[in-house]
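Q: A predicted structure for the sequence below; I have some questions about it.
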Amino acid sequence: TNRESMSGGLLRVASQALAFFGRRAAPPPPPAGWFDFSRFTPYEETLGCPLWSLVLFASLCAVYVGLQAAEYASAGAVGSGGDEAATNGAGAKNGAKKHGTEKEFRAFQWRWGMVYCTITLADWLQGTHMYALYDSYNLGKDNIGNLFLTGFGSGAIFSTVIGPFVDRFGRKRGCVLYCVLEIVINFLEHFNDMRVLLLGRVLGGISTSLLFSAFESWLVSEHRKRNFPEQWLERVFSLNGAINGIMAIIAGLVAQVLAVNLRLGNIGPFQGAIALTAVALVQIAPWEENYGDRKAEVGESLSLALRTMRGQPSLWLLGVVQSLFEGAMYTFVFNWVPMLEPLAPANKQPFPHGLIFACFMLSIASGSTLFEFASRSLDSRHSMVVTLFVSTAVLATPVVVDSFAAVLTAFLVFEACVGAFGPGCATLRSRVIPSSIHSTILNFYRITLNIAVVAGTKGSTLADTNTLFSACAVCLGLATACQVVLSADPKVRRAVVGKED
């Protein structure tokens, strides 16, 4: 779903970046306000974008680099001192096996991060030119929209089967199957045939379900198998969020090189994704397999998951929070341009869609890092409440304020909340979802999420932007209320839950 919704912005990132390095320098510009589009300077004409957008992008880069440096220094201090000693002492006190060391954890985190970088870059690469490729096939907007909706619908339908399959037959096998499907899907994109492309989108729904269940299930189980402290999962999930944002920006640049510089055309990024997915297969090969309930049939796993959710309200409540937030997030993805662009002062300079998108991705990465900082003093269930409350406020901003600077700032803050929500929600999932049916529950969540995405996509064509952002704020307000109730559940507060049942 990420790759299908962000395609336009990534290409613009690459185009503007290459334009920056490919043109000659211009004389210094006269002073102008950062948001003054009407005053053109030689620099702005040379760069092809307003000066304020470059300053904003550079500032966010500096913020992210600073956060990473501070996090690295802080993590080193923690790893050499009390955190490791405290966790090992707790394990000894309980007569349990000694926890894995900080050095072992960093090695595990590095190996996982390399795989996650590869699959995320391949995933984003496909999104950069997906719409452009379909448009070059002269399919028409209706058919292109039907292709996207087919992918969402397929994900909703097959999610009920994918989860039990992964839990029973192995999480590593699920990850391998994802890679194989992605290679097949990207091969099918080479054919200008609606039936073949529809088949690719159906398979894409299956692969998306695997992407968001098999990898996380394997990670959580392997983390516990190596006996690392539960709280260290937050560090891995935070890393995932940062990787996702950075790979989105890199994907735009790589896609530009493949499509334009190497003259592969709109299909070039898909060929690059095939190569990267093949690399991911090699990286996954050394992984050890882990399972959920291997004895349960698919029907039994589904029945067990439903019974568990009925008996444990925190499970379905967390699913509601996730669906409401991500439904609002995808509605934002489809509507930030029509909301923000009209607020910009009229000028001859084109609106810098690509750089704004890059700024959003940097905000996501920074939000993930901020979550890791907050998790050292604030439990994830509380940081989630703060994240959802702030998200509600900032998405309500464009409804009541018509200032370009204020709305852009609100959108940047919301993207930072997106970066914090990902690892926060994943941490809570690892606490409340039993390991034996982890993938099954995750895919139940995907059903409601895909329905919410379809509703948000259709809503973008039926309502004006103010109405849509009002609806997003209401949904996020409901998610905040649900999270407050969820935070009071003893199972969410428990330090270690969700072990093998």
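A: Looks like it arrived, so ask away.

Q: phi, psi for Arg376 please.
A: Arg376 adopts backbone torsions of phi -80, psi -20, taken as degrees, to the nearest 10.

Q: what sits against Ser217?
A: Val166, Asp167, Arg171, Gly174, Gly292, His438, Ser439, Leu442 (CB atoms under 8 Å, 6 or more residues apart in numbering). Where you see a C-beta, it was placed from the backbone N, CA and C, and this is true even at glycine.

Q: tell me which element it is part of?
A: helix 214-225 (DSSP states H and E).

Q: give the rounded mean pLDDT of that helix.
A: Average pLDDT, helix 214-225: 91.

Q: tell me the helix or strand right after that helix.
A: The helix or strand immediately downstream of helix 214-225 is helix 233-256, counting by DSSP H and E.

Q: what mean pLDDT does the following helix or strand past that next one get?
A: Following helix 233-256 in sequence order, the next helix or strand is helix 268-284 (DSSP H and E). Helix 268-284 comes out with an average pLDDT of 96.

Q: residues in contact with helix 268-284?
A: Residues from elsewhere that reach helix 268-284 (CB under 8 Å, 6+ apart): 114-115, 118-119, 121-123, 125-126, 128-129, 133, 172, 175-176, 179-180, 182-183, 186-187, 189-190, 251, 254-255, 258-259, 262, 264.

Q: any of these buried? List them.
A: 115, 118-119, 121-123, 125-126, 128-129, 133, 172, 175-176, 179, 182-183, 186, 189, 251, 254-255, 258-259, 264 (16 or more other CB atoms under 10 Å).

Q: narrow the residues you listed to those in strands?
A: In strands, judged by DSSP state E, none of these are found.

Q: would you map the helices across the stretch 301-450 of the chain?
A: Taking DSSP state H, counting those that start in this stretch as the criterion, the stretch 301-450 of the chain contains helices spanning 313-340, 353-375, 380-400, 404-432, 438-462.

Q: circling back: of the contacts of Ser217, grab the buried ones for PyMOL.
A: In PyMOL, a selection of the buried entries from the contacts of Ser217 looks like this (16+ other CB under 10 Å):
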select buried, resi 166+167+171+174+292+438+439+442
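
Q: which one of the contacts of Ser217 is nearest Pro50?
A: Closest approach between these and Pro50, by CB to CB: Leu442, at 42.1 Å.

Q: ok, the closest one - contacts?
A: Contacts for Leu442 (CB under 8 Å, 6+ apart) come out as Gly163, Phe212, Ser213, Glu216, Ser217, Arg429, Ile433.

Q: again, but for Phe411
A: Phe332, Trp336, Leu340, Phe360, Val394.

Q: which residues touch the second one?
A: What that stands for is Trp336. Phe411.

Q: distance check, it against Asn450.
A: For Trp336, the distance to Asn450 equals 21 Å [CB to CB, to the nearest Å].

Q: residues in contact with Val184?
A: Leu203.

Q: from Pro229, how far off is it?
A: Separation of Val184 from Pro229 (CB to CB): 39 Å.

Q: next, give phi and psi for Gly170.
A: Torsion angles, degrees, to the nearest 10, at Gly170: phi 120, psi 130.

Q: that one touches Glu289, doesn't it?
A: Yes: here Gly170 reaches Glu289: they are 4.7 Å apart, a contact under CB atoms under 8 Å.

Q: and the two? Which one has more around it.
A: Gly170 (20 against 12; other CB atoms under 10 Å).

Q: could I get the pLDDT score of the more buried one?
A: 91.

Q: and the angle for the helix holding Ser217 with helix 268-284?
A: Here helix 214-225 points in a direction 20 degrees away from that of helix 268-284 (axes from the mean of the first three to the mean of the last three CA atoms, to 10 degrees).

Q: Thr480 contacts Val390, correct?
A: No: the pair Thr480 / Val390 is not scored as a contact, 9.4 Å apart, by CB under 8 Å.
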